[in-house]
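*Asks:* A predicted structure for the sequence below; I have some questions about it.
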Amino acid sequence: MFGGRLISPLVSVIVLNWNTPQDTLDCLKSLKGLSYPNYQVLVIDNGSSDHSVEFLTDFVQSHSQFTLFSTGENLGFSGGVNYGIDAAQHLGACYIWLLNSDTEVAPDCLDALVTAMERDPAVAIAGSQIFLQSQRNVIWHAGATFIRGINQPRHLGMGANQNDPRYSKTSPVDYVTGCSLLVRARVIQQIGKLDDRFYLYYEEADFCYRSRRQGWKILYVAESQLWHKVAGSSTGFYARTYYEVRNRLLFTVKHKPHAFPLVLSYLLVQEILKPFLKGHWKTARFGLRGCIDFFRAKFGKL
């Protein structure tokens with residue numbers, strides 16, 4: 001029995017791999033220890049150029065609740081997750097859990113997420129309390145918010161101690177990171193999948209914002225805990241600058257168009273002018289390219 005139910009709702013766990021087979025394998029081994037009784041793990045290889053598929057195949061094939069898929073090309077975070085969402089919907093999942101491949105989950109991590117959502121049918125999305133793998137009692141994410149005006153995302157609790165009372169209770173938030181994001185399958189049917197124009201960064205913020213516009217709640221669940229290696233499967237610094245600039249502009253024009261002049265001015269100064277004046281010309285160039293590509297409506301992969 002789970003939460004008063006005879007049958008626990010089926011959860012599809014989407015783990016996206018891109019050239020990080022050892023991190024992914026470590027994550028899968030921790031998922032084996034979940035106490036939640038009804039889950040399946042969909043490992044999505046996102047066009048890896050290394051030996052990831054061969055490396056992961058033996059482990060996946062030896063565990064019935066794990067399945068390995070290959071996209072054939074790098075679709076970015078949003079495209080790879082959407083590939084997994086299609087598979088999860090086909091399998092009839094009630095919930096879909098997006099989980100970074102460079103994480104280690106506590107055994108009751110998923111139980112806590114599902115319990116919180118089962119208690120409140122108005123919650124569309126729930127996220128975990130995430131700690132640094134390198135400093136296991138230091139918080140990396142306890143939900144997130146946006147700084148008003150400039151749409152600057154800010155993780156709550158970053159750098160705080162595990163025992164900090166401000167982050168010890170489940171609470172509503174603006175959004176949660178795609179590192180650990182549990183969503184009701186029927187919410188996706190209502191608002192759609194991730195916007196693959198983002199490719200990388202801001203897609204989960206956009207996804208949460210779209211759900212909130214439809215009247216749903218977003219929840220940070222303090223009892224759901226995991227550890228994150230941080231940026232284990234991310235991209236390079238300069239490409240990140242590009243995506244941050246372009247995608248923040250895209251997010252702003254989608255959801256807060258009145259703030260667009262302020263956000264554009266902020267990005268021009270912080271991500272382009274300041275790096276240029278400091279001699280960080282490559283950073284400035286990638287920031288400028290992100291800005292130009294936004295105005296050219298050139299989205300997706302850099």
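*Replies:* Cool, the structure landed. Computed from a predicted model, the values in this text were never measured in an experiment.

*Asks:* quick one: the helices in the stretch 201-302 of the chain?
*Replies:* 203-213, 237-255, 260-267, 274-277, 281-295 (DSSP state H, counting those that start in this stretch).

*Asks:* export the ones you listed to CSV and tack on mean pLDDT and distance to T177?
*Replies:* For every residue, glycine as well, the C-beta is placed using N, CA and C. Putting the helices of the stretch 201-302 of the chain into CSV (pLDDT from 0 to 100; distance: least, Cβ to Cβ, whole Å) gives the following:
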stretch, mean pLDDT, distance to T177
helix 203-213, 95, 6
helix 237-255, 94, 15
helix 260-267, 93, 21
helix 274-277, 96, 25
helix 281-295, 97, 21
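
*Asks:* of all these, which lies closest to L156?
*Replies:* Across these, L156 has its closest neighbour in helix 203-213 (13.5 Å, Cβ to Cβ).

*Asks:* CA atoms of that closest one as PDB?
*Replies:* Once non-C-alpha atoms are left out, helix 203-213 reads as follows in PDB (Å, rounded to 0.1, in the frame of the first residue of the first chain):
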ATOM      1  CA  GLU A 203      13.400  25.000 -20.700                       C
ATOM      2  CA  GLU A 204      12.300  23.900 -17.300                       C
ATOM      3  CA  ALA A 205      11.600  27.400 -16.100                       C
ATOM      4  CA  ASP A 206       9.400  27.900 -19.200                       C
ATOM      5  CA  PHE A 207       7.700  24.600 -18.600                       C
ATOM      6  CA  CYS A 208       6.900  25.500 -14.900                       C
ATOM      7  CA  TYR A 209       5.700  29.000 -15.900                       C
ATOM      8  CA  ARG A 210       3.400  27.600 -18.500                       C
ATOM      9  CA  SER A 211       1.800  25.300 -15.900                       C
ATOM     10  CA  ARG A 212       1.400  28.100 -13.400                       C
ATOM     11  CA  ARG A 213      -0.400  30.200 -16.100                       C
END
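
*Asks:* orientation of that helix relative to helix 237-255 in degrees?
*Replies:* 10 degrees (axes from the mean of the first three to the mean of the last three Cα atoms, to 10 degrees).

*Asks:* packing partners for helix 203-213?
*Replies:* helix 76-90, strand 123-132, strand 180-184, helix 185-191, strand 217-228, helix 237-255 (3 or more Cβ pairs under 8 Å, 6 or more residues apart in numbering; DSSP states H and E).

*Asks:* Give me the below-cutoff pLDDT ranges for the protein.
*Replies:* When residues are selected by pLDDT under 70, those of the chain lie in 1-6, 149, 151, 231-235.

*Asks:* Please, which helix or strand holds the residue most central in space within it?
*Replies:* The chain has G178 as the residue nearest its centroid, 1.1 Å off, counting by Cα atoms, centre = their mean. Secondary structure assignment for G178, by DSSP states H and E: no helix or strand.

*Asks:* neighbours around the closest residue to it other than its chain neighbours, how many?
*Replies:* Nearest residue to G178 in three dimensions, chain neighbours excluded: E204, at 3.7 Å (Cβ to Cβ, 6 or more residues apart in numbering). Neighbourhood size, E204 [other Cβ atoms under 10 Å]: 25.

*Asks:* picking that back up, hmm, T103 and the residue nearest to the centre of the chain touching each other?
*Replies:* No: G178 is beyond contact range of T103, at 11.3 Å (criterion: Cβ atoms under 8 Å).

*Asks:* hmm, back to that, next one: the residue nearest to G178 relative to H258, how far apart?
*Replies:* To H258, E204 is 23 Å away according to Cβ to Cβ, to the nearest Å.

*Asks:* Ok, L267 next?
*Replies:* Going from L267 to H258 by Cβ to Cβ gives 16 Å.

*Asks:* Likewise for A112?
*Replies:* Separation of A112 from H258 (Cβ to Cβ): 38 Å.

*Asks:* Among these two, which residue is more densely surrounded?
*Replies:* A112 (21 against 7).

*Asks:* so that one sits in a helix?
*Replies:* Yes: under DSSP: H, G, I helix; E, B strand; the rest coil, A112 falls within a helix.

*Asks:* can you pull the contacts of it?
*Replies:* By Cβ atoms under 8 Å, 6 or more residues apart in numbering, A112 lies in contact with 128, 221, 223-225.

*Asks:* okay, the residues you listed in CSV with distance to G159 and neighbour count next?
*Replies:* Putting the contacts of A112 into CSV (distance: Cβ to Cβ, whole Å; neighbours: other Cβ atoms under 10 Å) gives the following:
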residue, distance to G159, neighbour count
S128, 17, 31
V221, 20, 26
E223, 21, 17
S224, 20, 26
Q225, 17, 21
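
*Asks:* one step back: could you dump the helices and strands packed on helix 203-213 into JSON lines and include distance to K29?
*Replies:* Output for the helices and strands packed on helix 203-213, formatted as JSON lines (distance: least, Cβ to Cβ, whole Å):
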{"stretch": "helix 76-90", "distance to K29": "19"}
{"stretch": "strand 123-132", "distance to K29": "18"}
{"stretch": "strand 180-184", "distance to K29": "17"}
{"stretch": "helix 185-191", "distance to K29": "26"}
{"stretch": "strand 217-228", "distance to K29": "13"}
{"stretch": "helix 237-255", "distance to K29": "29"}
